[in-house]
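A.B. asks: Turn this into a structure:
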Amino acid sequence: MPRPVISTSAPMKCAVVGHPVAHSLSPALHRAAYRQLGLDWSYEAVDVEPGGLARFVGGLDRGRWRGLSVTMPHKPDLVALGAPDELVRLTGVANTLVLDAAGDTVHNTDVPGFVRSCEAHGLARASRVVIVGNGATAASVLVAVARMGARSVVVLAREPRRGEHLVGLAGGLGVACEVRRLGDPVGSCDLVASTVPAAALGPHAAALAAGAGVVFDAVYDPWPTPLATAGRNAGRVVVNGLDLLAGQAVDQVRLMTGGLVSFELLRSAGEAALRARGETLRD
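C.D. replies: Numbering: from 1, shown residues only. So this is what the prediction gives:
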């Protein structure tokens with residue numbers, strides 16, 4: 001059994017923070033990791049109002065708290081709360097805070113998590129990619145697909161001007177990128193990745209899925225999304241938000257505890273939690 005690098009005589013506390021956050025499966029994943037690692041740690045979901053992240057972090061007992069998983073709307077705000085890793089500096093987005101007496105650090109584990117989740121479904125390379133959305137997750141997906149060999153990316157946005165910052169990011173990665181309006185034709189691609197709420201893609205889902213080799217939807221609740229349904233109907237491989245959640249949590253666990261757990265362990269813990277709710281990601 002892998003052992004954590006962190007050595008402490010007292011149980012530590014971690015949490016996922018967001019708004020809303022009650023639906024999050026992160027507690028199920030991280031608690032499964034702690035059991036695997038033999039750690040008597042706790043992990044909760046904490047709802048923090050928009051704009052309240054810095055105050056919440058400032059009030060934590062550093063002797064008891066080790067780290068936070070941070071979801072929307074707080075990812076951009078987290079960047080300023082610790083020393084950023086390379087991916088945070090590149091994307092301007094963070095999703096992980098590690099509290100340490102030597103100095104807090106912030107990390108973006110969504111990038112390697114996306115790559116890991118795609119590889120788990122047999123997609124290691126993607127040359128032409130369509131990304132739906134222009135927010136924090138879209139930036140992380142863009143960097144991830146660049147690592148997967150993407151040469152061209154089309155960003156679809158309801159307001160194209162809001163996606164122009166991704167063109168600059170892509171250029172720095174050596175990837176050709178253009179922004180089009182959601183609903184414009186995009187042709188065929190290796191991967192279509194949606195980072196927007198499920199309802200936003202309803203009228204466009206079938207066309208996007210028909211031209212894609214693999215379909216990714218960052219949503220896992222509610223499921224299935226219109227894009228996932230269209231992908232399954234078209235016979236495409238479908239990657240979902242739980243895959244991404246598990247993929248990025250592998251690195252969150254490592255950063256917070258020093259221990260290594262598998263993608264499969266975390267993915268299974270998430271599926272078990274969904275079944276306990278009476279939900280499933282399977283057809």
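
A.B. asks: neighbours of the closest residue in space to residue 196 that isn't next to it in sequence, just the number please.
C.D. replies: Among residues not flanking residue 196 along the chain, residue 133 sits closest, at 4.3 Å (Cβ to Cβ, 6 or more residues apart in numbering). Every residue, glycine included, has its C-beta placed from N, CA and C. By other Cβ atoms under 10 Å, 25 other residues sit near residue 133.

A.B. asks: cool, and the one 3 residues further on?
C.D. replies: Neighbourhood size, residue 136 [other Cβ under 10 Å]: 23.

A.B. asks: Any figure for the gap between it and residue 92?
C.D. replies: According to Cβ to Cβ, to the nearest Å, residue 136 and residue 92 sit 8 Å apart.

A.B. asks: Also residue 177?
C.D. replies: On the measure of Cβ to Cβ, residue 177 and residue 92 end up 16 Å apart.

A.B. asks: quick one, which of those two is more surrounded?
C.D. replies: residue 177 (22 against 16).

A.B. asks: what helix or strand does the more buried one sit in?
C.D. replies: Assigned by DSSP states H and E, residue 177 falls within strand 176-181.

A.B. asks: I'd like the average pLDDT over the following helix or strand past that strand.
C.D. replies: With elements assigned by DSSP H and E, the helix or strand that comes after strand 176-181 is strand 189-194. For strand 189-194, the mean per-residue pLDDT is 98.

A.B. asks: what does strand 189-194 rub up against?
C.D. replies: Identification of contacts with strand 189-194 by Cβ atoms under 8 Å, 6 or more residues apart in numbering yields 118, 123, 125-133, 141, 145, 154, 201, 208-209, 211-219, 225, 227.

A.B. asks: Report the buried members of those.
C.D. replies: 118, 123, 126, 128-133, 141, 145, 154, 201, 208-209, 211-212, 214-219, 225, 227 (16 or more other Cβ atoms under 10 Å).

A.B. asks: in stretch 18-25, what counts as buried?
C.D. replies: For stretch 18-25, by 16+ other Cβ under 10 Å, it's 18, 19, 21, 24, 25.

A.B. asks: Tabulate those (TSV), appending distance to residue 112.
C.D. replies: Output for these, formatted as TSV (distance: Cβ to Cβ, whole Å):
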residue	distance to residue 112
18	20
19	25
21	23
24	20
25	19
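
A.B. asks: Identify the farthest-apart pair in those residues.
C.D. replies: With Cβ to Cβ as the measure, no two of the buried residues of stretch 18-25 lie farther apart than 19 and 25, at 16.5 Å.

A.B. asks: dump the residue contacts of the residue nearest the centre of the chain.
C.D. replies: In the chain, the residue lying closest to the centroid (Cα atoms, centre = their mean) is residue 110, at 4.2 Å. By Cβ under 8 Å, 6+ apart, residue 110 lies in contact with 93, 95, 137, 140, 141, 144, 244, 248.

A.B. asks: What is the nearest of those to residue 71?
C.D. replies: Closest to residue 71, out of all of the contacts of residue 110 and judged by Cβ to Cβ, is residue 95, at 6.9 Å.

A.B. asks: any idea how far the closest one is from residue 188?
C.D. replies: 31 Å.

A.B. asks: Give me the more crowded residue out of these two.
C.D. replies: residue 95 (30 against 11).

A.B. asks: and the gap between that one and residue 240?
C.D. replies: Counting by Cβ to Cβ - residue 95 and residue 240 are separated by 18 Å.

A.B. asks: quick one on the thing from earlier: joint contacts of residue 136 and residue 92?
C.D. replies: With Cβ under 8 Å, 6+ apart, residue 136 and residue 92 have common neighbours residue 76.

A.B. asks: correct me, but residue 229 touches residue 208?
C.D. replies: No - using Cβ atoms under 8 Å, residue 229 is not in contact with residue 208; the gap is 11.9 Å.

A.B. asks: and stretch 175-193, which residues are buried?
C.D. replies: Within stretch 175-193, judged by 16+ other Cβ under 10 Å, the buried ones are 175, 177, 179, 182, 186, 189, 190, 191, 192, 193.
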